[in-house]
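[1] model this:
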Amino acid sequence: AAKGPAPHLRRAGGTATVKAMLLEWCRARTRGYQHVDVQNFSGSWGSGLAFCALLHSFFPDAFDYSSLDPSARRHNFTLAFDTAEARAGCAPLLEVEDMVRLPVPDAKCVYTYLQELYRCLVAMGLVKTKKR
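    Now for the predicted structure:
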C-alpha cells in the first residue's frame, strides 16, 4: 500500500508521475476561474488566487471568488489557507508571510501543501479515487 501525504495519487512511475497527476488535478479543478492558469507549482500560485479557486471549487459557499483581487496577495493567501484549515482540516503547512515575501512561491512547498490538501479532501470523501 502507498504511504505518504497523498497515497491515492501514487501510481507506477514514481514521483514525476505523482507530480504530473497532482498538477493536472489542480488544473482541472481551477479551469475557468478568472486570473488562474495552473502550469506549475511555483509562479502559477503567486497571487494566491489558484489556492482560492481550488478551495472555492469544493466550498463555493465559503467566499465570493469573483470579489477577489489578484493584487491582494496577503488577503488571498490568508483566505485560502484559513478556508483549507476550517473546511478541509488541512494542516497550515504554509505561512502567509512566507508566501507574500517571495515574488514566486517555492515549488516544493506548494507541492507539499497541495498533497496535504488533496489527502484531506480524499479523507472527507470530496475527491473520488480509483480503487485498486
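[2] just to confirm, which helix or strand has the one residue sitting closest to the centre of the chain in it?
    Central residue of the chain (CA atoms, centre = their mean): Leu114, 4.2 Å from the mean position. Leu114 belongs to helix 107-123 when assigned by DSSP states H and E.
[3] Output that helix in PDB, but only the C-alpha positions, please.
    The C-alpha coordinates for helix 107-123 follow below in PDB (Å, rounded to 0.1, in the frame of the first residue of the first chain):
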ATOM      1  CA  ALA A 107       7.600  24.900  -5.800                       C
ATOM      2  CA  LYS A 108       8.400  22.200  -3.200                       C
ATOM      3  CA  CYS A 109       6.400  24.000  -0.500                       C
ATOM      4  CA  VAL A 110       3.400  24.500  -2.800                       C
ATOM      5  CA  TYR A 111       3.600  20.800  -3.900                       C
ATOM      6  CA  THR A 112       3.700  19.600  -0.400                       C
ATOM      7  CA  TYR A 113       0.800  21.700   0.700                       C
ATOM      8  CA  LEU A 114      -1.300  20.600  -2.300                       C
ATOM      9  CA  GLN A 115      -0.600  17.000  -1.500                       C
ATOM     10  CA  GLU A 116      -1.800  17.500   2.100                       C
ATOM     11  CA  LEU A 117      -4.900  19.400   0.800                       C
ATOM     12  CA  TYR A 118      -5.600  16.500  -1.600                       C
ATOM     13  CA  ARG A 119      -5.200  14.000   1.100                       C
ATOM     14  CA  CYS A 120      -7.700  15.900   3.400                       C
ATOM     15  CA  LEU A 121     -10.200  16.200   0.600                       C
ATOM     16  CA  VAL A 122     -10.000  12.500  -0.100                       C
ATOM     17  CA  ALA A 123     -10.400  11.700   3.600                       C
END
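[4] What residues sit buried inside that helix?
    109-122 (16 or more other CB atoms under 10 Å). All C-beta atoms are positioned from the backbone trio N, CA, C, and that covers glycine.
[5] Of the residues you listed, just say which sits nearest to Pro70.
    Using CB to CB, Val110 is the member of these that lies nearest Pro70, at 16.9 Å.
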